[in-house]
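Enquirer: No letters, just coordinates:
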């Protein structure tokens, strides 16, 4: 299935964590939601409820899938409760994990620049293809997501991470590789992918 023919996907980024507030690179680190993050997850669930109704979809008949990290699991549970569904439900898929920043995980960007200034400059020059030391690039993330995207045959709710959202903006919406890594990815909102476009709600 071509990316442009993907079914409608209702994408939720996980809610805020303390590391988001501190500007730390999370990657695969299992950092929990903070209080604001839990509020954002509930808000996203309420927005999602209206979107599903408008699309003619019943929450109880909608497929849910998520990254297995704790912050996405909790976001999924809170959003499902906002939809009037049991908190537990949905499939967890390792392909929806955030990309890893390798040895940079846990650092702020100023700390990265101080520790690896040449690599920081290289990342700025080609953010899509650059691979952090021991980490993963956006290009590699897109390769990991390609089989998952090809399997999508019905509308579903996807709870994942900022890097995954940016990769899907490129893969489904055709956002240029120069722009995709810089795209804003909001918490507490819903990113709707449909055919060859994406829209924030």
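Expert: Alright, I've got the coordinates. All values reported here derive from a predicted model rather than from experimental measurement.
Enquirer: next one: phi and psi at residue 158?
Expert: When read as degrees, to the nearest 10, the backbone of residue 158 gives phi -120, psi 120.
Enquirer: Could you pull up phi and psi at the closest residue to it other than its chain neighbours?
Expert: In this structure, residue 158 finds its nearest non-sequential neighbour in residue 11, 4.9 Å apart by Cβ to Cβ, 6 or more residues apart in numbering. Heads up, the C-betas are built off the backbone N, CA and C, glycines and all. Per-residue torsions, residue 11: phi -100, psi 130 (degrees, to the nearest 10).
Enquirer: count of residues packed around residue 11?
Expert: By other Cβ atoms under 10 Å, 24 other residues sit near residue 11.
Enquirer: Next up, the contacts around the residue nearest the centre of the chain.
Expert: Residue closest to the mean C-alpha point of the chain, counted by Cα atoms, centre = their mean, is residue 161 at 2.5 Å. Applying Cβ atoms under 8 Å, 6 or more residues apart in numbering, we find residue 161 in contact with 13, 14, 67, 69, 72, 96, 97, 98.
Enquirer: Let's see which of the residues you listed end up in helices.
Expert: residue 72 (DSSP state H).
Enquirer: Of the contacts of residue 161 - the most surrounded one?
Expert: In terms of neighbours by other Cβ under 10 Å, the contacts of residue 161 top out with residue 14 at 30 neighbours.
Enquirer: Could you dump the contacts of residue 161 into CSV and include distance to residue 183 and pLDDT?
Expert: Putting the contacts of residue 161 into CSV (distance: Cβ to Cβ, whole Å; pLDDT from 0 to 100) gives the following:
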residue, distance to residue 183, pLDDT
13, 11, 98
14, 16, 98
67, 18, 98
69, 21, 98
72, 19, 98
96, 18, 98
97, 19, 98
98, 15, 98
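Enquirer: of the contacts of residue 161, closest to residue 6?
Expert: The shortest approach to residue 6 among the contacts of residue 161 belongs to residue 96, at 14.3 Å (Cβ to Cβ).
Enquirer: Would you map the strands across the chain?
Expert: Under the criterion DSSP state E, the chain contains strands at 9-13, 63-66, 91-92, 156-160, 191-194, 197-200.
Enquirer: In this structure, where is pLDDT below threshold?
Expert: Applying pLDDT under 70 to the chain flags residues 1-5.
Enquirer: Now with 50, please.
Expert: Along the chain, the parts satisfying pLDDT under 50 run over 1-2.
Enquirer: Which positions within the lengthiest helix in it qualify as buried?
Expert: The residue-count maximum for a helix in the chain (DSSP H) belongs to helix 35-54. By neighbour count with 16 or more other Cβ atoms under 10 Å, helix 35-54 contains the buried residues 36-45, 47-49, 51-52.
Enquirer: tally of neighbours for residue 142?
Expert: For residue 142, the count of nearby residues is 22 (other Cβ under 10 Å).
Enquirer: now residue 178
Expert: 10.
Enquirer: about what we covered before: mind putting the contacts of residue 161 into a markdown table with distance to residue 191?
Expert: Listed next are those as a markdown table, based on distance: Cβ to Cβ, whole Å:
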| residue | distance to residue 191 |
| --- | --- |
| 13 | 7 |
| 14 | 12 |
| 67 | 15 |
| 69 | 18 |
| 72 | 14 |
| 96 | 14 |
| 97 | 18 |
| 98 | 15 |
